[in-house]
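Novice: what's the 3D shape of this:
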Amino acid sequence: MASGRFIVMWALLSGGAGFLWSAMQQEQGAATGSSIRQPGSMRTGPTLKPLAAKPAYCKPDLPGCIPNDISYVFMLSLPESGEEAVMGWIDKAGGPGSMGMQLAGCNLASAMADASYCLSATGEHHTPQVRDSTCAAQRLALGLLHQQPLYERLGCNFAVGQYDMSVLYALPKEVLERTLVVLLVRDPVQQAATVHRIFSQLDPGRMCPGVEVKPGEPIEVARCTKLSDFIRRGFAGAHHANALVRRLAGDYCCYQTGAFAEEEARIQAALTNLQRIGVVVDADDMSSGLQYLANVLGWSINGEGPAVQKLPTERVSPEEEERAEGLLARDYALYDVLQQRVAEQAAHVAAENALQ
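Specialist: Presented below is the predicted three-dimensional model:
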């Protein structure tokens, strides 16, 4: 993507396949005009209820998939979901003076070269030539991972990326089963609205046609392409319609050779891959997820640990929010499942703290 925030490092995570998911049940909901949606308060969409099964290499008594032997950590994040704030917290909480696992960050910019840019698997607005060449570079880099896992090649054990879950299939089984996966998420409308604002500032000529922009002054986003149109059409390779589902399903980047034939199959794949996620950090309540991460990695922190910067709330009109929620209904269904995981993590941390 155009912003430095989108030039990402990457790596991968934990695997295992064949897990079950439950059928979707339809649930009616009313739209609201709130700036941040409350779980279960809005749109008509599927309610997902995954089964409790998780890979055999995960500890059975902890929320999420916490490997019995953690040697590597991978953090999968969506653009503008608080990655910088979380990385700052990790640097402080898991520094040299802390107990527990010490993290050595992977510098992947040079290793990935042209493949460091994740092209949306639904980027129809790209020319076939651009799409074919970019996807070929991404798949070549993915094949190299299987020959020599990136952790070994780069001498590191902690990586961050804005890719999708399909890269997990490139790593050898013995590496996957020792990798803790951290998923960083955000309210879908808020996440899309932030990316929409950034693209409007980066390329006002395309995003805000006819709007005069003075150098150094912030652009009035309300005069640019509508948020709902941005979500529906995408921009510069980034498609935001159900991007969370696509990333967890492994259908956002070019790694997967074929798209899912049906939307339900994509959702089921996302639920399956969710069983491999160890820690979920919600940008609207980072402290809760980060405390669980510290607990899992054996870091000694006082209370909630270092302060973590809360992301500002994007202003979205009630009308546009309602349209956006409808376009992101499947993302919200998955987001609700992730919220259940966040609650389980918080309950575990509270119970652990009560014993101290």
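
Novice: Would you map the helices across this protein?
Specialist: With DSSP state H as the criterion, the chain has helices at 83-93, 109-112, 128-147, 150-154, 173-176, 188-202, 204-207, 227-233, 243-249, 263-274, 286-297, 318-327, 329-355.

Novice: need these in JSON lines with distance to residue 65, mean neighbour count and mean pLDDT, can you?
Specialist: (Glycine included, C-beta is placed from N, CA and C.) Formatted as JSON lines, the helices of the chain follow (distance: least, CB to CB, whole Å; neighbours: other CB atoms under 10 Å; pLDDT from 0 to 100):
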{"stretch": "helix 83-93", "distance to residue 65": "19", "mean neighbour count": "18", "mean pLDDT": "88"}
{"stretch": "helix 109-112", "distance to residue 65": "25", "mean neighbour count": "15", "mean pLDDT": "55"}
{"stretch": "helix 128-147", "distance to residue 65": "20", "mean neighbour count": "15", "mean pLDDT": "64"}
{"stretch": "helix 150-154", "distance to residue 65": "18", "mean neighbour count": "18", "mean pLDDT": "72"}
{"stretch": "helix 173-176", "distance to residue 65": "11", "mean neighbour count": "16", "mean pLDDT": "85"}
{"stretch": "helix 188-202", "distance to residue 65": "23", "mean neighbour count": "24", "mean pLDDT": "89"}
{"stretch": "helix 204-207", "distance to residue 65": "39", "mean neighbour count": "16", "mean pLDDT": "83"}
{"stretch": "helix 227-233", "distance to residue 65": "30", "mean neighbour count": "20", "mean pLDDT": "88"}
{"stretch": "helix 243-249", "distance to residue 65": "13", "mean neighbour count": "27", "mean pLDDT": "87"}
{"stretch": "helix 263-274", "distance to residue 65": "9", "mean neighbour count": "21", "mean pLDDT": "87"}
{"stretch": "helix 286-297", "distance to residue 65": "11", "mean neighbour count": "23", "mean pLDDT": "92"}
{"stretch": "helix 318-327", "distance to residue 65": "29", "mean neighbour count": "20", "mean pLDDT": "94"}
{"stretch": "helix 329-355", "distance to residue 65": "10", "mean neighbour count": "18", "mean pLDDT": "92"}
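
Novice: what's the closest of those helices to residue 164?
Specialist: helix 243-249 (4.3 Å; CB to CB).

Novice: So which elements touch that closest one?
Specialist: Applying 3 or more CB pairs under 8 Å, 6 or more residues apart in numbering; DSSP states H and E, one finds that helix 243-249 makes contact with helix 188-202, helix 263-274, helix 329-355.

Novice: In a markdown table: those, plus distance to residue 233.
Specialist: A markdown table is the format used below for those (distance: least, CB to CB, whole Å):
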| stretch | distance to residue 233 |
| --- | --- |
| helix 188-202 | 11 |
| helix 263-274 | 18 |
| helix 329-355 | 16 |
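
Novice: wait, which of the ones you listed is closest to residue 61?
Specialist: When the helices and strands packed on helix 243-249 are compared by CB to CB, helix 329-355 sits nearest residue 61, at 9.3 Å.

Novice: Against which helices or strands is the closest one packed?
Specialist: Short answer (3+ CB pairs under 8 Å, 6+ apart): helix 329-355 packs on strand 45-47, strand 179-185, helix 188-202, helix 243-249, helix 263-274, strand 279-282, helix 286-297.

Novice: Dump the helices of the chain to JSON lines, plus distance to residue 61.
Specialist: Putting the helices of the chain into JSON lines (distance: least, CB to CB, whole Å) gives the following:
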{"stretch": "helix 83-93", "distance to residue 61": "23"}
{"stretch": "helix 109-112", "distance to residue 61": "37"}
{"stretch": "helix 128-147", "distance to residue 61": "32"}
{"stretch": "helix 150-154", "distance to residue 61": "27"}
{"stretch": "helix 173-176", "distance to residue 61": "21"}
{"stretch": "helix 188-202", "distance to residue 61": "31"}
{"stretch": "helix 204-207", "distance to residue 61": "49"}
{"stretch": "helix 227-233", "distance to residue 61": "40"}
{"stretch": "helix 243-249", "distance to residue 61": "24"}
{"stretch": "helix 263-274", "distance to residue 61": "19"}
{"stretch": "helix 286-297", "distance to residue 61": "12"}
{"stretch": "helix 318-327", "distance to residue 61": "36"}
{"stretch": "helix 329-355", "distance to residue 61": "9"}
